[in-house]
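K.L.:
with the input below, show me the fold.
(chains A and B)
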Amino acid sequence: MTEEEKLEIMRHSAAHVMAEAVQSIFPDTKFGIGPSIENGFYYDFDLPRSLTPDDLSLIGSKMNEIIAADMPFVRQEVTKEEARRLFAAQPYKLELLDEIPDEKVGVYRQGSFIDLCRGPHVDSTGEIKAFKLVSIAGAYWRGDEHQPMLQRIYGVAFVAKKALDEHLKKLEEAAKRDHRKLGAELDLYSIHEEAGPGLVHWHPKGAVIRRVIEDFWKDEHIKRGYDIIYTPHIAKLDLWKTSGHWEFYRDNMYSPMEIEGQEYVLKPMNCLGHILIYKTRLRSYRELPLRYAELGTVYRYERSGVLLGLSRVRGFTQDDAHIFCRFDQLEDEVVGVLDLARFMIDTFGFTTYRVLLSTRPEKYAGALKVWEEATDTLRRALEKLDVAYEIDPGEGVFYGPKIDIKFEDALGRGWQGPTIQIDFNLPQRFDVTYIGEDGREHSVAMVHRTVLGSMERFLASLIEHYGGAFPVWLAPLQVMIIPIADRHLDYAHQLEDELRNEGMRAKVDTRSERVNLKIRQAQLDKVPYMLIVGDKEVADSTISVRLRSGEQAASQSLDSFKRSVRAAIASRAKDLEL
RNA sequence: GCCCACAUAGCUCAGCAGGUAGAGCACGUUCUUGGUAAGAACGGGGUCACCAGUUCGAAUCUGGUUGUGGGCUCCA
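P.N.:
Residues are numbered from 1 along each chain as shown, chains lettered A, B, ... in the order given. Below you'll find the predicted structure:
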């Protein structure tokens, strides 16, 4: 048995102990399920009243008593009949019981608590070493929103106190990097109650980062044979009826608005505009593939409870593109997108990612054979590039299979990254075709893809990945010039001009404050370079450079500094070096 | 949308059991011109998220609304 498996068993046992503790406090508790999860465990309860944080510490100390008593876990095999008697007062357990095909079921008993459970468990409660109850949450029975809502208690558990503390520390570290917190501290963006939830306002500093990313994105796409286009934010409702969105995606779309007797809606996707552009004339096989790219802003209704900072919003800009090609070009196109995706992930400094190939879901459009071929195409593309991938069965979109790439940030948390989706539905609905060599019409293969996802969510991942200390090429302010006394202002402004002429983002801190304060604030703003200039620097036309890392570089000429910074920007360096 | 919690100055938070608000930072003015993470003094700033209700009286109690957070469900 691996250490990880042992840990899982211990966590699961901790869930049972928690259930016993809850039972001792609320004897009429109806129990849901209580599995082990990443870092810990949870158990769902149907209780006579809502739990409070005070209950949590009470339950926690009760658990400690049970652990101290070192009660053995006893497994028993019973018939379903016996089990039904044992759990007569436990409707959720009875429901589970009904779904077990076997005649005999396992039950585990420790102390006064008995639970329907396959096991295994630790030998006795004393083997649970380090745990902490962390939160109370509502959770639907069986994860179904039509079922009753139970109260879930989450706990974390580890083999030793040290590991538990490390985990808690990691959570603290994550909280410090939270993009919502840093977004406010670094003055990057805001969301306003007055304007509406999930609607992002980009401040100048956040806008700089976004613009730099967008410029880079556009250049890179143009290099790779994409055409940049723009399409409107609203379109007639009928268009969305033709596409099927109004039928299948309506829950995520905003209500129509009336304009001169016609109904219009905000676009939830960019694809239709791209199709309309494609269809403005007959297309020859000679001009395929056509790759239309747009930083397209879309609006989707998201239920209020799911909104989250920049990572889940109601209006967002996708780095979208649609590729129209012949089916025999599809594989190369997918290879091209994958290559671009890897390039982007790498450029932005993410080092690990998972690739998922999602196959046909139960409800799907198009012919089975076409699905299989397309799925194969995706697979071949992945293999051609030697990309390790996992199959995510049945997780494709109804209109086609897809590849999703999830990357991890510096704290190992996963983020939805690039996605590549093949679409059999829209080309058919809009009759998107090209004229082949044979002079006849053929239907095109259509690929939807994003490589960053959305600007909003991608920025969230970047903020958290770098903890706000962006690489120079992305930093909103790259150089803060700090004059020691007011008499150094002229020199400071002269440096500022020279840097700005280079296209660098530089600023002089002109306030009559002490150097210490200015450095501290530039440091808190995570400005990569600070140039400190005083009498000495003015006298020999040099600068003194301090890095965000706290490191002090040798006194040097502005030219040599410019050279280093220029190189760091051009190479999109992740680390500061001089 | 559902469960739970929270909402006091631009920010972080005090305000314990109902008697019309405080601190630090930030901001403004003045003094200080200081060499690598906070110089000092003074000052301005809040219809205590919003709407009702209870009460002689509500930031404080009750209900509703809005927003935020932790989850569930759903997703770029």
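
K.L.:
okay, CA-based contacts and neighbour counts for the rest of this
P.N.:
Fine.

K.L.:
walking through the stretch 301-450 of chain A, point out its helices one by one.
P.N.:
Ranges of helices in the stretch 301-450 of chain A, per DSSP state H, counting those that start in this stretch, are A:330-347, A:368-384, A:425-429.

K.L.:
rounded mean pLDDT for the last one, please.
P.N.:
What it means is helix A:425-429. Model confidence over helix A:425-429 averages 91 on the pLDDT scale.

K.L.:
list of residues touching that helix?
P.N.:
Around helix A:425-429, the neighbours that count as contacts under CA atoms under 8 Å, 6 or more residues apart in numbering are A:242-243, A:365-366, A:399-400, A:432-433, A:443-446.

K.L.:
also the longest one?
P.N.:
Contacts of helix A:330-347 with the rest of the structure, by CA under 8 Å, 6+ apart, involve A:323, A:351, A:377-378, A:380-382, A:384-385, A:407, A:418, A:420, A:445, A:449, A:451-452, A:572.

K.L.:
give me every residue that touches A:Lys363.
P.N.:
A:Phe398.

K.L.:
and the gap between it and A:Phe324?
P.N.:
24 Å (CA to CA, to the nearest Å).

K.L.:
what do you get for A:Val313?
P.N.:
Distance from A:Val313 to A:Phe324, by CA to CA: 29 Å.

K.L.:
neighbour count for the two, which is higher?
P.N.:
A:Phe324 (28 against 23; other CA atoms under 10 Å).

K.L.:
I'd guessed the more buried one sits against A:Tyr285; true?
P.N.:
No - assessed by CA atoms under 8 Å, A:Phe324 is found out of contact with A:Tyr285, at 10.3 Å.

K.L.:
and the residue nearest to A:Trp246 when sequence neighbours are not counted, how many neighbours does it have?
P.N.:
Leaving out its chain neighbours, the residue that sits closest to A:Trp246 by CA to CA, 6 or more residues apart in numbering is A:Trp240, at 5.4 Å. Neighbour count of A:Trp240, defined by other CA under 10 Å: 21.

K.L.:
tell me how far the helix or strand containing A:Trp240 is from the chain's mean position?
P.N.:
Applying DSSP states H and E as the criterion places A:Trp240 in helix A:237-243. The chain centroid and the centroid of helix A:237-243 are separated by 30 Å, computed with CA atoms, centre = their mean, to the nearest Å.

K.L.:
now the element after that helix, going C-ward?
P.N.:
helix A:245-248.

K.L.:
by contact count, what packs against that following helix?
P.N.:
helix A:237-243 (3 or more CA pairs under 8 Å, 6 or more residues apart in numbering; DSSP states H and E).

K.L.:
other residues contacting the helix it packs on?
P.N.:
Contacts for helix A:237-243 (CA under 8 Å, 6+ apart): A:246-247, A:256, A:263-265, A:272, A:426, A:429-430.

K.L.:
and stretch A:355-374, end to end?
P.N.:
Span of stretch A:355-374 from end to end, CA to CA: 17 Å.

K.L.:
how close does A:Gly349 sit to A:Pro471?
P.N.:
9 Å.

K.L.:
common neighbours of these two, please.
P.N.:
With CA under 8 Å, 6+ apart as the test, A:Gly349 and A:Pro471 both reach A:Lys574.
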